[in-house]
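Undergrad: take a look and give me a structure for this.
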Amino acid sequence: MKRFFLLALVCCTSPAGAQDLVVLKSGEKVSCRIDDYTDSLLNVTLAGAAGTAGTARRTLNAGLVEFVEFGFRPGEEEAYANRGQESATDLQKWWDYWFPHLHRPRSRAAAWGVAFANALLREDPSHGAERALSLFDHVIAKAWSPEEATAARQGRLRALMAKGDLTTATTEARRLAEETEDPGLLIEVEHLLAMADFEALRKLEEEHPRWDEDDEVRPQRNELYQRALDRFLYPHLFHATREEVAARGLDAAAELLLHGGEREEARARWEDLLKLYPATTYADHASKRLAELSQPPTPPKADAP
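TA: Numbering: from 1, shown residues only. This next block holds a predicted model:
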């Protein structure tokens, strides 16, 4: 009886105009529109068989379903392709729409969640960090895709740093670095650790403005400085063919060197960036920084009499 029901259901379907694809554990495929999908049942609308008009509604036991390939909803496909540049407002509607399917195989919910959280950090790091952190944690806990869960773990580190929780961010980044052998992921983790070191360096210098005269603070500051520099340069030195991340590291290293008063070393790193990675998104920033360095330094203002 069950076999007959499934065959009948499949025979009623027509791919024409169908939005979604249900793949059953039996291997059968059902082209349809999904109206409701819970952990126990699946309500679908089927187009009429070829040469017939109308539609039919059916209910499936969710236990019979292997996975679902959700079709793009109107306006979604273009937004999904450009989700790394979309605004948080636009991304939120897709996250809200797909969130109930976060745990379902092949769902786009996790990708929408990561993109939404990244947009919150991009647009307003100080105010968006807490919400972004919650979003990343949801994806880490429930995402079906290991790749999206990894992206969320990286995002979680950025959110912790945006909140100012460098201790937790550093601890988790080091743990992630120990767990992975993926060069791409390791590069991202090393960059996040370098950013954490740079931020810790700034805070240390703010708290100890005469750090260079303090025998206890100076070694701490210099260790942070050198460690951040080494980590920023890591992709350029060991993964030079990954041009975008190598250029990002050179750009960050140059900013660190400029902060440390090593003006000519900073200039050299930006020149390297333009020479080796001219097609990357960091080339324009390097050109602007080199133009600024070519200007004579602004003399200090004289004290008022």
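Undergrad: and the strand or helix carrying Met195, what does it pack onto?
TA: Following DSSP states H and E, one finds Met195 within helix 183-207. In terms of contacts (3 or more Cβ pairs under 8 Å, 6 or more residues apart in numbering; DSSP states H and E), helix 183-207 is packed against helix 146-163, helix 166-179, helix 217-238, helix 243-259. C-beta coordinates here come from the backbone N, C-alpha and C atoms, glycine included.
Undergrad: mind putting these into TSV with mean neighbour count, distance to Gly27 and mean pLDDT?
TA: Output for the helices and strands packed on helix 183-207, formatted as TSV (neighbours: other Cβ atoms under 10 Å; distance: least, Cβ to Cβ, whole Å; pLDDT from 0 to 100):
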stretch	mean neighbour count	distance to Gly27	mean pLDDT
helix 146-163	21	25	91
helix 166-179	16	36	84
helix 217-238	18	44	96
helix 243-259	22	41	97
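Undergrad: how about the ones you listed in CSV, adding distance to Trp94?
TA: Output for these, formatted as CSV (distance: least, Cβ to Cβ, whole Å):
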stretch, distance to Trp94
helix 146-163, 14
helix 166-179, 27
helix 217-238, 32
helix 243-259, 26
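Undergrad: name the helices or strands packed onto the biggest strand by length in the chain?
TA: Using DSSP state E, we find that the single longest strand of the chain is strand 29-37. With contacts taken as 3+ Cβ pairs under 8 Å, 6+ apart, strand 29-37 sits against helix 2-12, strand 20-24, strand 41-47.
Undergrad: in it, what counts as buried?
TA: Buried positions in strand 29-37, judged by neighbour count with 16 or more other Cβ atoms under 10 Å: 30-34, 37.
Undergrad: for the record, mean pLDDT for the helix holding Met195?
TA: What helix 183-207 shows for mean pLDDT is 91.
Undergrad: and for stretch 112-126?
TA: On average, stretch 112-126 scores 95.
Undergrad: which residues does that stretch contact?
TA: Residues outside stretch 112-126 that contact it (Cβ atoms under 8 Å, 6 or more residues apart in numbering): 80, 83-84, 86-88, 91-92, 94-95, 98-99, 102, 128-129, 131-133, 135-136, 138-139, 143, 148, 151-152, 155, 158-159, 162.
Undergrad: follow-up on the earlier one: quick one: closest of the helices and strands packed on helix 183-207 to Arg108.
TA: helix 146-163 (9.3 Å; Cβ to Cβ).
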